[in-house]
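**Q** Got a predicted structure plus its sequence, pasted below:
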Amino acid sequence: MDIILKNSSDDPIYQQIIDQIKAQIISGKITAGDALPSMRSLAAQLRISVITTKRAYEELEREGYIENFLGKGCFVKKQNTDFLREESVRQTEELLAQICKKARLCGLTADDLKEMVDILYSEGNEND
């Protein structure tokens, strides 16, 4: 499981962990039944506090992405990946609607916005 933390991100570290694990589950990179690293192991690997990994894992469990078995560890829970992907698409559409509204208020054209998205999207691929 690959997790890359970015100090330049506005998101807190635990949220970056959550987002990246969710993305790996949705994409099928990690699948139902796969074991996640222990909280201590992940904390050591990422050079962060165990409290941070614990918070991320607890949130993932609360949201139904993983399950914790006492004495065995945390495992990816069986998911309806089509539903998870559709939910992510829906959330993206909501954010884009907000962006479009703000862009119109600023006087940006659709072409300006598309150019911005193209630049930001390609920069994201370089940093992933």
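**A** That came in fine, so what should we check first? Residues are numbered from 1 along each chain as shown.

**Q** What segments of the protein are helices?
**A** For the chain, applying DSSP state H gives helices covering 13-27, 39-46, 50-62, 81-106, 110-127.

**Q** Switch those over to a markdown table; also include distance to K6, mean neighbour count and mean pLDDT.
**A** Heads up, the C-betas are built off the backbone N, CA and C, glycines and all. A markdown table is the format used below for the helices of the chain (distance: least, Cβ to Cβ, whole Å; neighbours: other Cβ atoms under 10 Å; pLDDT from 0 to 100):
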| stretch | distance to K6 | mean neighbour count | mean pLDDT |
| --- | --- | --- | --- |
| helix 13-27 | 7 | 18 | 94 |
| helix 39-46 | 12 | 16 | 96 |
| helix 50-62 | 14 | 18 | 96 |
| helix 81-106 | 19 | 11 | 88 |
| helix 110-127 | 7 | 10 | 84 |
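
**Q** ok, Q24 - contacts?
**A** Contacts here follow Cβ atoms under 8 Å, 6 or more residues apart in numbering; on that basis Q24 touches 1-2, 30.

**Q** can we see that at 6 Å?
**A** I30 (Cβ atoms under 6 Å, 6 or more residues apart in numbering).

**Q** Which residue of this structure lies farthest from its centroid?
**A** Most distant from the centre of the chain: G107, at 31.3 Å, with distances by Cα atoms, centre = their mean.

**Q** related to what we said a few turns ago, next, format the helices of the chain as a markdown table and append distance to L70.
**A** Formatted as a markdown table, the helices of the chain follow (distance: least, Cβ to Cβ, whole Å):
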| stretch | distance to L70 |
| --- | --- |
| helix 13-27 | 20 |
| helix 39-46 | 13 |
| helix 50-62 | 12 |
| helix 81-106 | 26 |
| helix 110-127 | 37 |
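
**Q** Out of those, which is closest to C74?
**A** Of all these, helix 50-62 sits nearest to C74, with 5.6 Å by Cβ to Cβ.

**Q** I'm done for today, thanks for sticking with me.
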